[in-house]
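> Generate coordinates for the sequence data below:
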Amino acid sequence: MSPRTISLIIVLTAAALASWYLARDKKPDATDDLPYDGTHRGYYLKSARILGTGEDGSLLYEIEAEHAEQAARDRIEFTDVRIRYSPGSDIPWVVDADEATLREGAPRISLRGFVKILNSGETSDQDIEIRTQYLELDPEQFIAETEDRVQIRFGTRSVTATGMLASLNDDRIELKSNVRGKIVP
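Numbers count the residues shown, from 1 in each chain. Here you go, the predicted structure:
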């Protein structure tokens, strides 16, 4: 081997060792300290619209929300919620709430905050409005239930109670306790 070839091999070896040394001595970035998190982060939706179907697959109800987010693998959280039955179901009730939670495998939707259920009848005298802070709605069975204080308004009349069970498909409301009312003819 010629002295020139030996010099080239020595220079290349020194360059390789120097680059290895510099790469090994590199200080970690802040992102290097974070471990990889392989957990499922879920999804979120803005202006969400979720459709619920009956046993025959036809549209039964729809949930509209300003924001929907998967909080856990089996739970979806909604804000500014409106639940309406399809026109074909002949259920005139509309449910509004500040927040709602839908769990996988659970038939009920938990509604919180300012919860209002409105049934607009044929005339404004027949409007029925139910207000409460917490309500559980089973949209497939047409059942709304709460153990909290509830206020029901129909026309100029008003009734308050603690606890309620409402069957939305046959317009029946059962008040559980502490019923008080104001009925003006």
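
> Only C-alpha atoms from now on, for both contacts and neighbour counts.
Fine.

> what helix or strand does the closest residue in space to Y85 that isn't next to it in sequence sit in?
Among residues not flanking Y85 along the chain, Y61 sits closest, at 4.0 Å (CA to CA, 6 or more residues apart in numbering). Using DSSP states H and E, the secondary-structure element containing Y61 is strand 59-72.

> now do S177
Element membership for S177 (DSSP H and E) is strand 172-182.

> How about I83?
Here I83 is assigned to strand 75-85, by DSSP H and E.

> Only alpha carbons, please: show the host helix or strand of R49 as CSV.
Secondary structure assignment for R49, by DSSP H and E: strand 44-53. Provided in CSV are the C-alpha atoms of strand 44-53 (Å, rounded to 0.1, in the frame of the first residue of the first chain):
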residue,chain,number,x,y,z
TYR,A,44,-63.7,15.1,18.8
LEU,A,45,-66.4,16.7,16.6
LYS,A,46,-67.6,20.2,16.1
SER,A,47,-71.2,20.7,15.1
ALA,A,48,-71.9,17.0,15.6
ARG,A,49,-75.0,15.2,14.5
ILE,A,50,-75.5,11.6,15.6
LEU,A,51,-78.4,9.5,14.4
GLY,A,52,-80.1,6.9,16.4
THR,A,53,-82.1,4.1,14.7
